[in-house]
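1. Let's see this in three dimensions:
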Amino acid sequence: MIPALLVAVLVKSSLLSAWLGTPVLPDLPLILVVLYGGLRGPRHGLTVGLIGGSMESLMSAVPIGVLLFRLGMVGLGAGMSQSRFERTGLLFPPVLVALATLAAAVLAGLGLETVGWSVAWSGPVAGNFAVQAVINAALGAALLPAVRRMAAPRGAGEEARL
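-> Predicted coordinates:
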């Protein structure tokens, strides 16, 4: 999971903005953290979220704790849905990704305000987050089979692997 998360962070931080050129970009690390946390539980969701947040922090000008907090809490929250993740149906994972996208936006904004940065909460910004939630939900549905394979138990030593 860690190599996939590293690739997702690198693609998000360097290639996506150049390729797409739009203000609304898919959040690949968030999608992976939410799906993995939903499949494996809160402990794994939090761990992968903190690792992903630290990777994103290295590629961003945002203060380090903000991205750690954002992805860590989203991974923990997604992990708490583990009991419903597989049994609820095909729509639950994409809806969870969409809700996590909106929650991550709020958490990032609150984190930035906590460290003294000014955050403008306006209608167009909220519209961008809504569009990003839809894009992330669609990508989450497409990536779910691959993340499911990464999250599958691998035997006796599977606890040590992420």
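
2. Helix or strand next in line after the helix-or-strand element of the chain with minimal mean pLDDT, which one?
-> The least trusted helix or strand in the chain, going by mean pLDDT, DSSP states H and E, turns out to be helix 16-20, with a mean of 67. Sequence-wise, the next helix or strand beyond helix 16-20 is helix 28-40, with elements assigned using DSSP states H and E.

3. Centre of the chain to that following helix, how far?
-> Taking Cα atoms, centre = their mean, to the nearest Å, one finds the center of helix 28-40 at 6 Å from the center of the full chain.

4. Quick one: list the elements packing against that helix.
-> Helices and strands touching helix 28-40, by 3 or more Cβ pairs under 8 Å, 6 or more residues apart in numbering; DSSP states H and E, are helix 2-10, helix 42-58, helix 64-79, helix 82-85, helix 92-114, helix 123-151. From N, CA and C alone the C-beta is placed, and that goes for glycine too.

5. angle of the first one against helix 123-151?
-> Same thing as helix 2-10. Between helix 2-10 and helix 123-151, the angle formed by their directions is 160 degrees, by axes from the mean of the first three to the mean of the last three Cα atoms, to 10 degrees.

6. And the contacts of helix 2-10?
-> Residues lying outside helix 2-10 but in contact with it, judged by Cβ atoms under 8 Å, 6 or more residues apart in numbering, are 28-29, 31-33, 48, 51-52, 55-56, 59, 146, 150, 162.

7. ok, and the most crowded of those?
-> When those are compared by neighbour count (other Cβ atoms under 10 Å), residue 33 ends up highest, at 36 neighbours.
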